[in-house]
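Enquirer: how would this look folded up:
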Amino acid sequence: MTRRISRRALLPLLLAPVVALSACSTGGDSDGVGDGETTIRLMAYATGGFKEKYLKSVVEQFEKTNPGIKVEYDGVVSSAEMLGRLRTQKSNPTIDVVIMDLSVAESANKENIFAPLDPAAVPNMKDLSEHAKVRDNFGPGVTFDNLTLAYNTKAVTTAPTSWNDLWDPAHKGKVSISAPPQLDGIGLTVILGDMLGVDYQRSIDPVVGRLRELAPSVQTWNPQPDTYTLVKSGQVSLALAWNARSQLQRDLSDGALGVALPKEGSIMQVNTINLVKGSKRASAAQTFINYALGPEAQAAFAAEMFYAPTNTLTKVSDAVAQRTVMTPEKLETMIPVDWNWLAEHRAQWTDIWREDVISK
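Expert: Numbers count the residues shown, from 1 in each chain. As a prediction, this is how the structure comes out:
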C-alpha cells in the first residue's frame, strides 16, 4: 500500500472522521488482564522532552484510569536504534508497545516484528485520520509533526522564511543538519526535490548538487548532544529541526530558540504506535494503545509538546493548534511523501549523502 500525502486530500482527512478499519486477529494472548496487575513495557523516544511529556500527559493518566495495568517506559534515542534492539529480541520479545517513526515501522512490519491490531480491542482506530492508517491494521499514527527550521534568535534577528536561508553566507559554519539515515536529512532531500521540480523517486542528482553547495556551511552532520542544545547555546545559528520539539525548546529557552516554517512547505512526519509480535501481554498492550489513540490523550500530549493529534475527534485550543501542523494553512503546504518507498531506499540515500555530500 502506498503511503503518500497529497496536499488537497490531507486537510479534510485530518479534520474529518473516517470509516472503521476491518477486523484482524492479533494472535494468541496470555497476559490475563483482570487477574492481577500487569506491567507492559513501552519503547519510545528518550530525548528532546518526549519521554518526560509523554509520561506526564499520557502514561500517568492511563495508569490512573486503568489501575490493573502499569507501564514501564524504555527510552531510546532514535527509531533506527529501536529497530536494532527489537531485531535482537525478535524470538523472545521483552517490549510490548513501540512508538517510532512510520518509515522505520514499515521495515519492522515487513520483518514481522510487529503484529496487526485488533480493531475490537482498539476501537479508537475508527476515528483516526486516513493518513494515520497503516496497511493490514498494523500500528497506526499516534502523532503528526513536520520538519522546520530552528534558529538562535540572537544570531538570526529576522526569522528565516525559506529553506534557501540555509545557504545564506551569513550562516557559513553555523548550520546543523542531521544527515541520513536520520529522517531530518531524508526529509530535506524530499523538500529540495519539490523545490527543484524533480521527482525524488526517479533521481535526486539535482538535490545532491544543491546539498554539495551547502556542505561548506555545515558545522555538523550529527549534532551532539542534540540539535536544540546547539541552537540554544549559539554554537550553531540555524538548524534542520522538528516542529514539536522546537516549540517546546522555544518555551524552555525563553525564546533563545526560534521556530520557522519555510514558505515552500514541509513534510509531515508520522509516529506510529505498534504492538510487538509475540508479546505475552497483548491484551493490556492494546488497551494502552487504544488509550493513546483516544482524543483525551492526544489533546493532552498536543498541549504539552505540540505534536498534532491523529484522532479526528481531538479538540485543542487555538493557541495549541497554531503551534502544530494541524491548521488548514499549514496542512496545505505539506509535500507528498511515499513512506513505503522511502523505507526501501533509505540505505541507498544514506550512502549517497555520505559519499557525495558529507565527504565533499
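Enquirer: who are the neighbours in contact with Val59?
Expert: 42, 71, 73 (Cβ atoms under 8 Å, 6 or more residues apart in numbering). C-beta: built from backbone N, CA, C; applies to glycine.
Enquirer: Look at it and report its pLDDT.
Expert: On pLDDT, Val59 comes in at 99.
Enquirer: Check which residues of the lengthiest strand in the chain are buried.
Expert: For the chain, the strand with the greatest residue count under DSSP state E is strand 141-152. Judged by neighbour count (16 or more other Cβ atoms under 10 Å), strand 141-152 contains these buried residues: 141-152.
Enquirer: So which of these is the closest to Thr333?
Expert: Asn146 (8.9 Å; Cβ to Cβ).
Enquirer: Gly265 is in contact with that closest one, correct?
Expert: No - look at Asn146 against Gly265 with Cβ atoms under 8 Å: they stay out of range, at 9.0 Å.
Enquirer: Which residues are in contact with each of those two?
Expert: Met334.
Enquirer: Return the list of helices and strands in contact with whichever helix or strand comes after the longest strand of the chain.
Expert: The helix or strand immediately downstream of strand 141-152 is strand 175-176, counting by DSSP states H and E. If you count contacts as 3 or more Cβ pairs under 8 Å, 6 or more residues apart in numbering; DSSP states H and E, strand 175-176 packs onto strand 218-220, helix 227-233, strand 238-242.
Enquirer: Put together TSV for those, with distance to Leu83 and mean neighbour count on each row.
Expert: Output for the helices and strands packed on strand 175-176, formatted as TSV (distance: least, Cβ to Cβ, whole Å; neighbours: other Cβ atoms under 10 Å):
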stretch	distance to Leu83	mean neighbour count
strand 218-220	24	19
helix 227-233	21	22
strand 238-242	19	26
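Enquirer: what's the average pLDDT for the helix or strand in which Val320 is found?
Expert: Applying DSSP H and E as the criterion places Val320 in helix 318-321. Here helix 318-321 scores 96 as its mean pLDDT.
Enquirer: And the strands in the protein, which stretches?
Expert: 38-45, 69-76, 97-101, 114-115, 141-152, 175-176, 218-220, 238-242, 257-260, 268-276.
Enquirer: Point out the one among those strands that comes closest to Gln348.
Expert: strand 97-101 (17.8 Å).
Enquirer: The longest strand of the chain to strand 268-276, inter-axis angle?
Expert: Inter-element angle recorded for strand 141-152 and strand 268-276: 140 degrees (by axes from the mean of the first three to the mean of the last three Cα atoms, to 10 degrees).
Enquirer: show me where pLDDT drops low in the protein?
Expert: When residues are selected by pLDDT under 70, those of the chain lie in 1-35.
Enquirer: Where do the domain boundaries of it fall?
Expert: 7-144+270-320, 146-267+337-358 (automatic domain parsing).
Enquirer: Output the ones you listed in a markdown table; the columns should cover distance to Glu329.
Expert: Rendered in a markdown table, the data for the domains of the chain read as follows (distance: least, Cβ to Cβ, whole Å):
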| stretch | distance to Glu329 |
| --- | --- |
| domain 7-144+270-320 | 10 |
| domain 146-267+337-358 | 10 |
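Enquirer: just so I know, which of those lies nearest Leu331?
Expert: Using Cβ to Cβ, the nearest of the domains of the chain to Leu331 is domain 7-144+270-320, at 4.6 Å.
Enquirer: how much distance is there from that closest one to the middle of the chain?
Expert: Distance of domain 7-144+270-320 from the chain centroid (Cα atoms, centre = their mean, to the nearest Å) equals 12 Å.
Enquirer: picking up where we left off before, what's the closest of the buried residues of strand 141-152 to Asp194?
Expert: Nearest to Asp194 among the buried residues of strand 141-152, with distances taken as Cβ to Cβ, is Leu147, at 12.0 Å.
Enquirer: wait, what's in contact with the closest one?
Expert: 184, 187-188, 191, 240-243, 266-267, 269.
Enquirer: re the thing from before, pull out the buried positions in the helix holding Val320.
Expert: So, applying 16+ other Cβ under 10 Å, buried residues of helix 318-321: 320-321.
Enquirer: What count of nearby residues applies to Ser246?
Expert: 27 (other Cβ atoms under 10 Å).
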